[in-house]
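K.L.:
requesting a structural model of the entry that follows:
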Amino acid sequence: MRIISSNGFPGRTFHPHHISSEKTLWKLRETSQSFLDNAGIRINGMNSWDIQVYNDKFYQRVLSQGTLGLGESYMDSWWDCEKLDEFFHRVMEAGLEETVEGKGILFNVLKARLINLQSRPGLSRLVNSTMI
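P.N.:
Numbers count the residues shown, from 1 in each chain. As a prediction, this is how the structure comes out:
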């Protein structure tokens, strides 16, 4: 049986000092989940291949550092998975390591939020910076 805290995360409470704001944490978590959805993996899900996240810093670390951040955060006990082999099989089948690794996804997400993409200068800055 899993204990669900009031914030929806199993067995732990939310510590706002880990991530600068609850809204930022939610966006990082949703971005992470959208990648994992492609592999049929849920954050704090019930399947043996789903990951259980214990530290809110996990999301930012993985999105900014890719597979290195995933491995280091596992070694730091920020997350766990009942069946790591099945988790990594699903990640590799879906090509997630290539999706997150080569694109600096966190940088692009933050850049998109800071630049007004609906303006012509904002759009041209984004296009020019991704062509480097």
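
K.L.:
can you name the next helix or strand after the helix ranked longest in the chain?
P.N.:
Secondary structure assigned by DSSP state H gives helix 22-37 as the longest helix of the chain. Scanning forward in sequence from helix 22-37, with DSSP states H and E defining helices and strands, the next element found is strand 51-53.

K.L.:
one step back: which helices and strands sit right next to the longest helix of the chain?
P.N.:
When contacts are defined as 3 or more CB pairs under 8 Å, 6 or more residues apart in numbering; DSSP states H and E, helix 22-37 sits against helix 57-65, helix 96-101, helix 105-114. All C-beta atoms are positioned from the backbone trio N, CA, C, and that covers glycine.

K.L.:
quick one: average confidence on the first one?
P.N.:
Same thing as helix 57-65. Confidence over helix 57-65 (mean pLDDT, whole number) is 88.

K.L.:
do the same with the shortest one
P.N.:
The average pLDDT for helix 96-101 rounds to 70.
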